[in-house]
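S.K.: below are the sequence and a predicted model for it; my questions follow.
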Amino acid sequence: MTILGLRHIALVCGDAQRTVDFYARVLGLRLVKQTVNFDEPGSYHLYFGGELGRPGTAVTFFEWPGAPRGYPGLGGTHHFAPRVADETAQLKWKRRLTDHGLKVDGPLDRHYFKSIYFNDPDGGIIEIATDGPGWTRGEAPDALGQIGAGQTHHFSLAVAGETPQLEWRERLVRAFRRVSPVLDREHIKSIYTQDPGGHSVKLTTLSPGFAVDEPSDGLGRSLQPPPRLEPNRGAIERRLKPLTLPAGRAQAVGSGR
């Protein structure tokens, strides 16, 4: 019964197309799955990551059209940090970002690594951090945050399978923590809980993976609602603005530090 590491992070965006343009065209991540919010199918849930969206590379977005800008605070993640190998790669990314008209701060020496900072179109803070020199070489705000565009919806920890997931659920129940039933999201199964700071946390299986309902070479090219919503595809698509996808992709930064 072991936590394997961070699986993905999920954020809120105000406009799906704008998010595709930024994360796929500017940052070079692959759109590996376009589906809908299973609990509110009138809006997109988009998954970006490495070539196959393997756990640890993925960042996902719930589209809340017209959502007001969120505010960082207790229960909300301040920023997330894709990683690069070294300072040379980091400076190349700084040049690319400034060429796209983005304001970039840094590099800043964080003792364990170096960082540059910029904002996505919703105001979310992104840090590109170097791998080195590493952890061998900790401050919470008091004010409450407001979830909204540019703020984290949840983060997801990976577990090896359904059996350890159920064991974790039982452990959380015994600890008198609120925890959801196991929810089948087609390409993963998840349970939801909260940490003491109010963050929404998922414990998520590694399988069956994004290619469960479409070929790996076609990931993210078309909308994939869950089978139970397939009879409503026409109505769902009428509520969603069609996405224009990039023809090619830049070399991607990694999706998690």
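M.R.: Arrived safely.
S.K.: mind checking the SS state of the residue nearest the centre of the chain?
M.R.: Using CA atoms, centre = their mean, the residue of the chain that lies closest to the mean C-alpha position is V59, 2.3 Å off. Counting by DSSP: H, G, I helix; E, B strand; the rest coil, the backbone at V59 sits in strand.
S.K.: list the contacts for it?
M.R.: For V59, the contact set (CB atoms under 8 Å, 6 or more residues apart in numbering) comprises H8, I9, A10, L11, Y23, L29, Y47, F48, G49, F80, S255, G256. For glycine as for every other residue, the C-beta is placed from the backbone atoms N, C-alpha and C.
S.K.: next one: Q90
M.R.: Per CB under 8 Å, 6+ apart, neighbours of Q90: V84, P107, K114, I116, I128, A129, T130.
S.K.: repeat that for F113.
M.R.: Per CB under 8 Å, 6+ apart, neighbours of F113: A129, T130, D131, G132, P133, G134, R257.
S.K.: residues near the fifth one, how many?
M.R.: It refers to P133. Neighbourhood size, P133 [other CB atoms under 10 Å]: 11.
S.K.: what about it, is that helix, strand or coil?
M.R.: coil.
S.K.: state the distance from it to A85.
M.R.: According to CB to CB, to the nearest Å, P133 and A85 sit 12 Å apart.
S.K.: closest to S156 out of the contacts of V59?
M.R.: H8 (4.8 Å; CB to CB).
S.K.: just checking: what are the partner strands of the helix or strand encompassing the closest one?
M.R.: Using DSSP states H and E, H8 sits in strand 3-13. If you go by DSSP bridges, strand 3-13 pairs up with strand 58-63 (parallel), strand 152-159 (antiparallel).
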